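>>> what's the 3D shape of this:
(4 chains)
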Protein chains: 2
Amino acid sequence: MIVQHDLSKPVYDHLKHMIKTGELQPGQKLIQEELAEKLGVSRTPLMKALQSLEHEMLVESKPRRGMYVKNVSLKEMIDVYDCREGIECTAVRLIIERASVKEIESLKKKFSPFIKEKEINEAKYRTADEKFHDMIIELSKNPILKRMSDLSNIHKRVYHYGLLRSPSETLKEHLAIADAIMIRDVDRAVKAVQAHIDQSKKILITKSKEQND
Amino acid sequence: MIVQHDLSKPVYDHLKHMIKTGELQPGQKLIQEELAEKLGVSRTPLMKALQSLEHEMLVESKPRRGMYVKNVSLKEMIDVYDCREGIECTAVRLIIERASVKEIESLKKKFSPFIKEKEINEAKYRTADEKFHDMIIELSKNPILKRMSDLSNIHKRVYHYGLLRSPSETLKEHLAIADAIMIRDVDRAVKAVQAHIDQSKKILITKSKEQND
DNA sequence: AATTATAGTTTTGCATACAAAATACATTAT
DNA sequence: ATAATGTATTTTGTATGCAAAACTATAATT
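Numbers count the residues shown, from 1 in each chain, chains lettered A, B, ... in the order given. From the prediction side, this is the model:
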């Protein structure tokens, strides 16, 4: 038997992946024994992993009823976007304060492959988008901010509602953020982040209104 | 035996209280069997509660070593303050957007008992201070922001470092925040929040520098 | 005397057993 | 046929058993 120091960690990673890929569908009930057997562990480390995912809002616990893959509503998604505005603005402030030129350059590089292209590969762009926002949090070098960001990781599932805006549209905004950070202009960077998030939020609000008709 | 739907909830509350009051001291190791017996439960619901507290950064887990009451460093406290700036600015934005006049008035009322007093009772003021900041989060009516705020609840333990600033000094700032929200002036409210937090952060940074000498 | 080795103890992390709650199913009554 | 009731099954939440890791204390070695 393999000696593991913390079985719940690989289980956590695996479950997260299964949720992200849709192998576990939103709303799906997670039967402990069944899942535990599938992953080859007992219910103890499985539950520990599920609790972590619950804290990240990827999983929902209904007491005495069970655990379910979280079904993210448009309302919640809007709430998440409101939060991210605060989180990312704080992050860019900190980056401008403490990140090196090299680090900031690596930020912009995330999008350089797309600048000259006419037809942007959506999947690739989406990955770059995610990494860009992740990197903003990383470069702020604030572990607590990172944890808060993880808490709203469900925002990455916004794609379940389809791509909100075209890459050509958001690419400009992403570059504007990176450029403002590069010249260490806090006000401009904050405004660029706010504009970027607000635009996407607007789409969500429109969709939300449509849904309620 | 009393029928409980979720034993870990009361255990969680109890532990949180024990940490807040200092019955469990920062840095103290939490021995599972010992604590479980003391609280009259088994290790299973105890561990569930401890994991929740770990996510809130009130408890720290060292793998294979055990759980410890978190010892908050000045560095971390500064990180928390940086985060709270983002969180609370977002909150006041949302409050101005969606809170009723009545709700906003209740915010300011938190400090009305202190306005005319010459000598402010520190303990009472501290409680009002906590409730004021809690209420800012509540009134934003964003459950995810609330969770993020809970994640940085350790900031409430800043008092371990002594009262950072005099009530007479911060009272003005608190009222300025409330007033700006009252007249629904976003820019002013945001600036008031930033000024308030930055002032306290400055003290922390000074203390931190002193410590490193 | 200080450091290392070793035996014994404690404590963690995982697996599992078990009772109570929730759910599914079948039987009866309307 | 539908609703209601009772029974069987599944599943959760808690307790507990057990092996391996970590810790402690004592003895051995330099």
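
>>> if you go through chain A in chain order, where are the strands?
With strands called from DSSP state E, chain A shows them at A:29-30, A:59-62, A:66-69.

>>> out of those strands, which comes closest to B:K146?
strand A:59-62 (16.0 Å; Cβ to Cβ). C-beta coordinates here come from the backbone N, C-alpha and C atoms, glycine included.

>>> Nearest approach to B:S100 belongs to which of the strands of chain A?
Between the strands of chain A, strand A:59-62 lies closest to B:S100; by Cβ to Cβ that is 29.7 Å.

>>> from memory A:S168 sits against A:I120, does it?
Yes - A:S168 is within contact range of A:I120, at 6.7 Å (criterion: Cβ atoms under 8 Å).

>>> The two: which is more packed in?
The neighbour count for A:S168 versus A:I120, taken as other Cβ atoms under 10 Å in any protein chain shown, is higher for A:I120 (18 against 13).

>>> wait, that one sits on A:F114?
Yes - look at A:I120 against A:F114 with Cβ under 8 Å: they come within range, at 5.3 Å.

>>> overlap in contacts of these two?
A:P167, A:L171 (Cβ atoms under 8 Å, 6 or more residues apart in numbering or on different chains).

>>> Tell me how many other residues surround A:N212.
7.

>>> B:D179 versus that one, what's the distance?
According to Cβ to Cβ, to the nearest Å, A:N212 stands 35 Å off from B:D179.

>>> thinking again about what came up before, JSON lines for the strands of chain A, including distance to chain B, mean pLDDT and mean neighbour count?
Putting those into JSON lines (distance: least, Cβ to the nearest Cβ, whole Å; pLDDT from 0 to 100; neighbours: other Cβ atoms under 10 Å in any protein chain shown) gives the following:
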{"stretch": "strand A:29-30", "distance to chain B": "16", "mean pLDDT": "98", "mean neighbour count": "17"}
{"stretch": "strand A:59-62", "distance to chain B": "9", "mean pLDDT": "96", "mean neighbour count": "16"}
{"stretch": "strand A:66-69", "distance to chain B": "13", "mean pLDDT": "97", "mean neighbour count": "18"}
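
>>> Looking at those, which is nearest to DNA strand D?
Smallest distance to DNA strand D across those (Cβ to the nearest atom of the strand): 3.6 Å, for strand A:66-69.

>>> Is there proximity between that closest one and DNA strand D?
Yes - in terms of Cβ under 7 Å from any atom of the strand, part of strand A:66-69 sits within range of DNA strand D, namely A:G66, A:M67.

>>> Given that strand, what are its sheet partners and their directions?
strand A:29-30 (antiparallel), strand A:59-62 (antiparallel) (DSSP bridges).

>>> Off-centre distance for the shortest one?
Strand A:29-30 has its C-alpha centroid displaced from the chain centroid by 22 Å (Cα atoms, centre = their mean, to the nearest Å).

>>> what does chain A have sitting close to chain B?
Applying Cβ under 8 Å from any Cβ of the partner chain, we find that chain A lies next to chain B at A:5-6, A:47-48, A:51-52, A:55, A:57, A:63-64, A:76, A:79-80, A:82-83, A:85-87, A:89-90, A:93-94, A:142-145, A:147-148, A:151-152.

>>> Can you narrow those down to the ones near DNA strand D?
Among the residues of chain A next to chain B, DNA strand D is touched by A:H5, A:M47, A:P63, A:R64 when using Cβ under 7 Å from any atom of the strand.

>>> which residues touch the third one?
Counting by Cβ under 8 Å, 6+ apart, A:P63 touches B:H5, B:D6.

>>> Which phi and psi values does it adopt?
Phi and psi for A:P63, reported as degrees, to the nearest 10, are phi -50, psi 130.

>>> per-residue confidence at it?
We have a pLDDT of 95 for A:P63.

>>> and if you look at A:E169?
93.

>>> Contacts only, for the nearest residue to it once chain neighbours are set aside.
Nearest residue to A:E169 in three dimensions, chain neighbours excluded: A:Q199, at 7.9 Å (Cβ to Cβ, 6 or more residues apart in numbering or on different chains). Counting by Cβ under 8 Å, 6+ apart, A:Q199 touches A:R165, A:E169, A:T170, A:E173.

>>> Enumerate the residues of chain A near DNA strand D.
A:3, A:5, A:29-34, A:43-44, A:47, A:61, A:63-67.

>>> Would you mind measuring from the residue nearest to A:R98 when sequence neighbours are not counted to A:D185?
Spatially, and ignoring its direct neighbours in sequence, A:R98 is nearest to A:K141 (6.1 Å; Cβ to Cβ, 6+ apart). According to Cβ to Cβ, A:K141 and A:D185 sit 20 Å apart.

>>> Tell me how many other residues surround A:D185.
Based on other Cβ under 10 Å, the number of other residues close to A:D185 is 14.

>>> And it, how close does it get to A:K191?
9 Å.

>>> Kindly report the same for A:L151.
For A:L151, the distance to A:K191 - Cβ to Cβ - is 25 Å.

>>> of the two, who's got more company?
Set A:L151 next to A:K191 and count neighbours by other Cβ under 10 Å: A:L151 wins out with 20 against 15.

>>> ok, that one touching A:M57?
Yes - counting by Cβ under 8 Å, A:L151 touches A:M57, with 6.8 Å between them.

>>> hey, what's in contact with both of these two?
B:I144, B:R147.
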